[in-house]
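Participant: output the structure for:
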Amino acid sequence: MRAGAGSGRGSGGTAAGLFGAALLVAGVVLGGGGAYAQPSATPTGSASPGGRPTGNAQGDEDRGHGSGGDRGEGGEKHDRDDRNSTGPGNRHSGSPHPSSGTTAAVPPASGSTGTRPPGTGSTATGSTAPAAPAAPAGSARPAPAGAVLAAVEAGPGTGLPTAQGLQQALATVLADRNLGTVGLAVADAADGRLLYGSEENTAATPASTTKLATAVAALSLIPGDTRLSTRVVKSAATGGITLVGGGDPTLTALPADQVLIGGVPADPDTAPASLDALARQTAAALRTAGTTAVALDYDVSLYTGALLHRNHDGENIAAVTPLMVDEGKADPRSREDAPARVADPAGHAAEAFAALLRAEGITVQARPKPAAAPAPADAPVLGRVDSPTVARLVERLLTTSDNTLSEAIARQAAIAAHQPASFEGAATAVTREIGRLGVSTTGVVLNDGSGLHPNNAVPPVALVGLLGLAASAQHPALRPVLTGLPIAGFTGTLGKRFGANSGAAEAAGLVRAKTGSLSGVNTLAGTVVDADGRLLTFALMTRTTAPADTARAAMDRVVARLAACGCR
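Facilitator: Numbers count the residues shown, from 1 in each chain. Coordinates of the predicted model:
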């Protein structure tokens, strides 16, 4: 099909449509164990029951499509996060999972170095970029069976979109003044080749597309079947018990039938660990030992550094601590886009745990207090519950643009990389790991794992590089980065975009992308199936004074134009 052709998808439409449908239902097959894993069986009963903007950008993403605003540090009003609580979620019930999981983050094999050269400059008429990176030595894993997102074979006789074709097709939609300043990169998902770029090497504020870097680094550093454990151990120092935070913000105090993720009930793969199950295990162990009254303290030594994000507002993100329940929400049943958070998530979780112990007939003496020292590694364990796998948590944080979960996963990456489990340590770990994988870090500046920080900077070419890694057959462990991307018109933060009156409806189901917004900044980076059935990666980064809804609609039309043509 000629560049800029009409809305019909032509002979390539069937292939693209079928592939789009496949994107909606495709499962992910993850390798069991992992090159660095030391799997340990989950104990019986521990399963869960069920450039840059000015000012202080506070909220992240386009939740509510600009209908809400959070107050920034200086009283400035900002867009909220883009999580869509009414979306159908991103469930993969057809994806087998290991029956046991690794419970500690571990570092990658030493001596492995990515081979992708740094991205080179190009003009608006396009350029040739390096091929996709080869697997780092000693880290390649076999390709998963049926991984339809690894690469796309175009129809017979079809070729790649050309720079000229893409420029022609996109000229009109990119001229929309509502976009403001634009950076764009389009690449072939099959081999990572850059097909078209405009300011693609210019760093811009990524907002929540920062989460792509967090996700890639975490899945590279940590085996996908790793689970985050919350434990209760005996305290030799006090004679009581210690609740040990393991960095799982999804731990829930809710009954299984009341847990919702993205507005829908959790399935067995995504159901969070249960604080009630942990209390029942602990109470049973205490009764067996003849103990009916204990002192309780809690250990939050896993993390270091500041508890509060620079743009903490008590809504878009909780205080970042390794112990919390229901992501620190004041009301765990809240369906608000940016719910109120408790001031002390760790203390709140310990109080909730004490109440559950009392319900089991165990007297908790006095009020829980922080532990005076970290719990010894060999302390006797009275109970343990495990999170969903890191792979599932990564999917969740991408689909729903979960800031609190993103910061938790970034800290797990820091631990695996032997960096401090802090904002700074996580940013260092993520930056170094994506560079090791072959993504150019020229211009990349990270200050957090969620993208709430307004001084983060990433060029569009780096974002398509991250997506190319996730699509590469050499990196099957990164596949949850793609399967976690919201689906246009269907799930997560894209659930209410690409609608009937958007001018981009023809791309619904054919686009999977991570959204991002801060005040004046809107970004979108993901994959799109073109009219010839070829999978492309793209990153679109804008800075504008236009209303958020207007700017996002203009961006969606750019991506829809990519879907509507073969662009040759």
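Participant: the longest helix in this structure is where?
Facilitator: With secondary structure taken from DSSP state H, the chain has its longest helix at helix 548-564.
Participant: for this protein, what are the low-confidence residue spans?
Facilitator: 1-158 (pLDDT under 70).
Participant: how would you label the residue of it positioned farthest from its centre: helix, strand or coil?
Facilitator: Of all residues in the chain, G290 has its C-alpha farthest from the mean position, at 44.4 Å, by C-alpha atoms, centre = their mean. Here G290 takes the coil state, with states given by DSSP: H, G, I helix; E, B strand; the rest coil.
Participant: phi, psi for it please.
Facilitator: phi 80, psi 20 (degrees, to the nearest 10).
Participant: where does G516 fall, phi/psi-wise?
Facilitator: Dihedral angles for G516 - degrees, to the nearest 10 - are phi -160, psi 140.
Participant: what count of nearby residues applies to the residue nearest to it when sequence neighbours are not counted?
Facilitator: By the measure of C-beta to C-beta, 6 or more residues apart in numbering, the closest residue to G516 outside its immediate chain neighbours is A207, 3.2 Å from it. Every C-beta, even on glycine, is put in place using the N, C-alpha and C of the backbone. Using other C-beta atoms under 10 Å, A207 has 35 neighbouring residues.
Participant: and A207, how far from F498?
Facilitator: 19 Å (C-beta to C-beta, to the nearest Å).
Participant: got it, and A218?
Facilitator: 28 Å.
Participant: with V430 instead?
Facilitator: From V430 to F498 the distance is 29 Å (C-beta to C-beta).
Participant: of those two, who's got more company?
Facilitator: Legend: neighbour count by other C-beta under 10 Å for V430 and F498, higher for V430 (30 against 27).
Participant: the more buried one should be in a helix, yeah?
Facilitator: Yes - using three-state DSSP, the secondary structure at V430 is a helix.
Participant: list the residues that contact it.
Facilitator: Counting by C-beta atoms under 8 Å, 6 or more residues apart in numbering, V430 touches 213-214, 217-218, 410, 413, 446, 449.
Participant: which residue is the nearest non-sequential neighbour of it?
Facilitator: A217 (4.1 Å).
Participant: contact partners for the one you found?
Facilitator: 410, 413, 429-430, 433-434.
Participant: if you set the cut-off to 10 Å instead, what comes out?
Facilitator: Taking C-beta atoms under 10 Å, 6 or more residues apart in numbering as the contact definition, A217 lies against 409-410, 412-414, 416-417, 426, 429-437, 439, 446, 449, 466, 478.
Participant: again, but for T209
Facilitator: The neighbours of T209, taking C-beta under 10 Å, 6+ apart as the test, are 61, 398, 401, 451, 456, 458, 460, 462-463, 466, 513-517, 523-526, 539-541.
Participant: try T242
Facilitator: Residues near T242 by C-beta under 10 Å, 6+ apart: 231-236, 295-299, 350, 368, 371, 373-376, 379, 382.
Participant: so how do I select the buried members of the residues you listed in PyMOL?
Facilitator: In PyMOL syntax, the buried subset of those is picked out as below (16 or more other C-beta atoms under 10 Å):
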select buried, resi 231+232+233+234+235+295+296+297+298+299+350+368+371+375+379+382
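Participant: tell me, how many residues neighbour S406?
Facilitator: Neighbours of S406 (other C-beta under 10 Å): 30.
Participant: how near is it to D532?
Facilitator: S406 is 35 Å from D532, by C-beta to C-beta.
Participant: how far is stretch 168-175 from where the chain is centred?
Facilitator: Stretch 168-175 sits 30 Å away from the centroid of its parent chain (C-alpha atoms, centre = their mean, to the nearest Å).
Participant: which parts of the stretch 251-400 of the chain are helices?
Facilitator: Per DSSP state H, counting those that start in this stretch, the stretch 251-400 of the chain carries helices over the ranges 275-288, 345-359, 390-400.
Participant: deepest-packed of these, please.
Facilitator: By mean neighbour count, with neighbours taken as mean count of other C-beta atoms under 10 Å, helix 390-400 ranks first of those at a mean of 29.
Participant: now the helix or strand that that one is followed by against helix 390-400, angle please.
Facilitator: Using DSSP states H and E, the helix or strand that follows helix 390-400 in sequence is helix 403-416. Helix 403-416 runs at 140 degrees relative to helix 390-400, counting by axes from the mean of the first three to the mean of the last three C-alpha atoms, to 10 degrees.
Participant: just the CA trace of stretch 491-507, in PDB.
Facilitator: Below are the C-alpha coordinates for stretch 491-507, written out as PDB (Å, rounded to 0.1, in the frame of the first residue of the first chain):
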ATOM      1  CA  THR A 491      -6.900  -2.500  28.500                       C
ATOM      2  CA  GLY A 492      -5.200  -0.500  31.200                       C
ATOM      3  CA  THR A 493      -4.200   3.100  30.400                       C
ATOM      4  CA  LEU A 494      -5.300   2.800  26.800                       C
ATOM      5  CA  GLY A 495      -8.700   1.400  27.600                       C
ATOM      6  CA  LYS A 496     -10.400   4.700  26.900                       C
ATOM      7  CA  ARG A 497      -8.200   5.800  24.000                       C
ATOM      8  CA  PHE A 498      -8.500   5.000  20.300                       C
ATOM      9  CA  GLY A 499     -12.300   5.100  20.600                       C
ATOM     10  CA  ALA A 500     -15.000   5.600  18.000                       C
ATOM     11  CA  ASN A 501     -14.700   9.400  17.700                       C
ATOM     12  CA  SER A 502     -11.000   9.700  18.200                       C
ATOM     13  CA  GLY A 503      -9.900   9.700  14.600                       C
ATOM     14  CA  ALA A 504      -7.700   6.700  15.600                       C
ATOM     15  CA  ALA A 505     -10.300   3.900  16.100                       C
ATOM     16  CA  GLU A 506      -9.000   1.800  13.200                       C
ATOM     17  CA  ALA A 507      -5.900   1.100  15.300                       C
END
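Participant: in it, what's buried?
Facilitator: For stretch 491-507, by 16+ other C-beta under 10 Å, it's 491-498, 502, 504-507.
Participant: and of those residues, the nearest to D313?
Facilitator: T493 (18.7 Å; C-beta to C-beta).
Participant: pretty sure the closest one sits in a helix.
Facilitator: Yes - T493 forms part of a helix when assessed by three-state DSSP.
Participant: go ahead and confirm it touches R512.
Facilitator: No - counting by C-beta atoms under 10 Å, T493 does not reach R512; the two are 11.3 Å apart.
Participant: what touches both of those two?
Facilitator: Common neighbours of T493 and R512 (C-beta under 10 Å, 6+ apart) are 398-399, 485-486.
Participant: make a markdown table from those and add distance to D188 to it.
Facilitator: Formatted as a markdown table, the shared contacts of T493 and R512 follow (distance: C-beta to C-beta, whole Å):
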| residue | distance to D188 |
| --- | --- |
| L398 | 22 |
| T399 | 25 |
| L485 | 17 |
| P486 | 22 |
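Participant: list phi and psi for T230.
Facilitator: Taking degrees, to the nearest 10 as the convention, T230 sits at phi -110, psi 130.
Participant: ok, it to P486 distance?
Facilitator: With C-beta to C-beta as the criterion, T230 and P486 are 29 Å apart.
Participant: can you check A279 too?
Facilitator: For A279, the distance to P486 equals 35 Å [C-beta to C-beta].
Participant: now swap in L397 and tell me
Facilitator: 12 Å.
Participant: quick check: neighbours shared by those two?
Facilitator: Joint contacts of L397 and P486 (C-beta under 10 Å, 6+ apart) are K514.
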